[in-house]
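**Student:** quick check, what structure comes out for this input:
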Amino acid sequence: MELSSKRNFSISQVSAFRNKIMILFCKGLTMLVLLSVSSINSLSAQNSKAINIDVVKAIGGEKIDYLSNYAKDIQYIPLETKKESLIKTIIRIIVEKNKIFILSDNKSILVFDIKGNFIGKVDRFGRGPQEHTGIISFLVDPVSENICILSSQGVFEYDIKGNFIYKIEKIPEATTLNTFFKIKDGVFLVNWSKHIDVEGMTSMLSTNSILYKDGKHQNLHTYSQKATNVSKPGSPLMLVFQGYQYSFYKYGESIRAERANNDTIITIDSKYKITPEYIFNFGKYGYKSGDDKYEKMILEDDKIISRSSPIESTNYLFLNFYFRGLAPEPFETSTTLLGPGNKTHILKHTDVKAIYDKKNKELRLLKRPYKEKSGLVENIQYGPEFWPKSINSKNELISFMSASYLMNYCSEKKGDKTKVDAIASKLSEEDNPVVVIAIPK
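**Tutor:** Numbering: from 1, shown residues only. This is a model prediction of the structure:
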């Protein structure tokens, strides 16, 4: 979905760590380092009780689906617009304890109440001993309401007023910290990487580790990231590391860990034992680390299926697949790249949304609800199409859109007026975005 306003509001649907692009200059060549994936995980064979999700079998059965099948109500919450609360980009959104937390830059967290009123800003950016030098990611403790920040220096915890609580130094050998998850007070699960030199070629080793408040750590799982050269007509040579970093989320008393595009979602239990939970069957359309499909996968030129990170509720997995040459409803958009010549870049949209019903063990691929849109038909308040970007501890599904997008949708839609039309009528194009919360059945 492309959302914009006069204030050039832009949206990032995934956490900053999943969008990292590092540009290296070496011997006159621009090398773009993308964090991608190794599809075959040795964990896949450890547990025969893992749930197999057959993507290939579902191909061809795409249908339009409706939000009312999964939610009983929906809330549209315009975020208060004032000088100190202006939002240009939403990198990450968390809704907990009747508050909305927004990461809009790498310096601070904006906090709103559940009605959208601006409460304040947690801004501890700086060079002091209790300050961070930039936010890689953040999370909110659903019990204490404390804000935990992952920075290049390590993990910081502050209360909601920004008061410093403690800091855990990063693992000494780590080149970068990628993602994290709070297990309990003073104990975090962290994914980190270090660069190594293999026969003159830069490579990466990444590790999932338990990081303790006293600075000690326990390594759980280490994996390598192979480098592949990728070339594209009219573009510089790209050196691609095949290995998305693990991200983590809570499910019940366990932790899920997953890498976008990978075929396996794993569970880490209270004793830090790792077992496969879900295994995706991509059949002949899957990607294996090191095979010759990788360049075509990057360039969107072949019949290869991959996936991005899921949203998991009690009853469902909300999934986003990239079907590339298999996409049933592909479309293209263009954007002008800033720089010499103002070249036009064509972006291919081959995404296919899907929902896995955990009770019925059924994967449903979704048709686009409207032309060049994706997600569920919002048939509760009859607003724009809905698709979750995060989930909270109450199983509520969270999304957002620009004020101008909601205004334009309501001005063009037909039928009876609803609450969402009343909300849109009070907005201006330069207002902060609107948070959308779907209440589960």
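**Student:** check what pLDDT Lys216 gets.
**Tutor:** On pLDDT, Lys216 comes in at 95.
**Student:** number of nearby residues for it?
**Tutor:** When counting by other Cβ atoms under 10 Å, one arrives at 10 neighbours for Lys216. Yep, even glycine has a C-beta here, placed from its N, CA and C like the rest.
**Student:** what about it, distance to His132?
**Tutor:** Distance check for Lys216 against His132: by Cβ to Cβ, to the nearest Å, it reads 21 Å.
**Student:** equivalent analysis for Ser306, please.
**Tutor:** 33 Å.
**Student:** mind listing the helices for the protein?
**Tutor:** 55-58, 294-299, 403-412, 419-425 (DSSP state H).
**Student:** if you count contacts, what does the longest one end up packed against?
**Tutor:** What it means is helix 403-412. helix 419-425 (3 or more Cβ pairs under 8 Å, 6 or more residues apart in numbering; DSSP states H and E).
**Student:** how does it look with 10 Å?
**Tutor:** In terms of contacts (3 or more Cβ pairs under 10 Å, 6 or more residues apart in numbering; DSSP states H and E), helix 403-412 is packed against strand 71-78, helix 419-425, strand 434-440.
**Student:** now do the first one
**Tutor:** Packing contacts for helix 55-58, counted by 3+ Cβ pairs under 10 Å, 6+ apart, involve strand 274-281, strand 316-322, strand 351-357, strand 362-365.
**Student:** may I have the strands that pair with the shortest one, each with its orientation?
**Tutor:** Strand pairing for strand 362-365, determined by DSSP bridges: strand 351-357 (antiparallel).
**Student:** now do the partner strand, average pLDDT.
**Tutor:** What strand 351-357 shows for mean pLDDT is 98.
**Student:** buried ones in it?
**Tutor:** Along strand 351-357, these residues count as buried under the neighbour rule (16 or more other Cβ atoms under 10 Å): Asp351, Val352, Lys353, Ala354, Ile355, Tyr356.
**Student:** from Pro328, how far off is the closest residue to Phe318 other than its chain neighbours?
**Tutor:** Once flanking residues are discounted, Phe318 sits nearest to Ile311: 4.1 Å by Cβ to Cβ, 6 or more residues apart in numbering. The gap separating Ile311 from Pro328 is 22 Å, by Cβ to Cβ.
**Student:** neighbour count: these two, which is higher?
**Tutor:** Ile311 (19 against 13).
**Student:** how close does the more buried one sit to Ser374?
**Tutor:** Going from Ile311 to Ser374 by Cβ to Cβ gives 14 Å.
**Student:** quick one, strands of the stretch 251-400 of the chain?
**Tutor:** Assigned by DSSP state E, counting those that start in this stretch, the stretch 251-400 of the chain shows strands spanning 254-258, 264-268, 274-281, 306-307, 311-312, 316-322, 331-336, 344-349, 351-357, 362-365, 390-391, 397-401.
**Student:** just send the ones you listed back as TSV, with distance to Gly383 too.
**Tutor:** Output for the strands of the stretch 251-400 of the chain, formatted as TSV (distance: least, Cβ to Cβ, whole Å):
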stretch	distance to Gly383
strand 254-258	30
strand 264-268	30
strand 274-281	31
strand 306-307	27
strand 311-312	19
strand 316-322	18
strand 331-336	22
strand 344-349	22
strand 351-357	17
strand 362-365	22
strand 390-391	18
strand 397-401	9
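**Student:** weakest of the ones you listed by average pLDDT?
**Tutor:** strand 344-349 (a mean of 86).
**Student:** and that strand, which strands flank it?
**Tutor:** By DSSP bridges, strand 344-349 pairs with strand 331-336 (antiparallel).
**Student:** what's the partner strand in contact with?
**Tutor:** Contacts with strand 331-336, where a contact means Cβ atoms under 10 Å, 6 or more residues apart in numbering, come from 2, 342-350, 368, 371-373.
**Student:** for this structure, give me the ranges with low pLDDT.
**Tutor:** Confidence mapping of the chain against pLDDT under 70 gives the ranges 1-48, 198-202, 225-243, 288-301, 338-339, 341.
**Student:** redo that, cut-off 50
**Tutor:** Residues of the chain meeting the criterion pLDDT under 50: 1-45.
**Student:** Lys167 and Leu103: what is the separation?
**Tutor:** For Lys167, the distance to Leu103 equals 19 Å [Cβ to Cβ].
**Student:** between these two, who's got more neighbours?
**Tutor:** Taking neighbours as other Cβ under 10 Å, Lys167 and Leu103 compare with Leu103 leading, 24 against 20.
**Student:** hey, what's that one bridged with?
**Tutor:** On the basis of DSSP bridges, Leu103 is bridged to Arg92, Ile109.
**Student:** contacting residues for it?
**Tutor:** Leu103 makes contact with 12, 15-16, 87, 89-94, 109-110, 135-138, 149 under the criterion Cβ under 10 Å, 6+ apart.
**Student:** what about the strands in the stretch 101-250 of the chain?
**Tutor:** 108-113, 118-123, 137-140, 147-151, 154-158, 164-169, 176-184, 187-198, 201-212, 217-230, 238-242, 247-251.
**Student:** name whatever forms a beta bridge with the residue nearest to Phe138 when sequence neighbours are not counted.
**Tutor:** In space, and not counting its chain neighbours, Phe138 is closest to Ile149: 4.9 Å by Cβ to Cβ, 6+ apart. Taking DSSP bridges as the rule, Ile149 bridges to Phe138, Phe156.
**Student:** mind listing what Ile149 touches?
**Tutor:** Per Cβ under 10 Å, 6+ apart, neighbours of Ile149: 103, 108-109, 122, 124-125, 132, 134-139, 155-158, 167, 180.
**Student:** buried subset of these?
**Tutor:** Listed as buried from the contacts of Ile149 are 103, 108-109, 122, 124-125, 132, 135-139, 155-158, 167, 180; burial here means 16+ other Cβ under 10 Å.
**Student:** I'd like the distance between the closest residue to Glu131 other than its chain neighbours and Lys167.
**Tutor:** Once flanking residues are discounted, Glu131 sits nearest to Arg124: 4.9 Å by Cβ to Cβ, 6+ apart. Distance from Arg124 to Lys167, counting by Cβ to Cβ: 10 Å.
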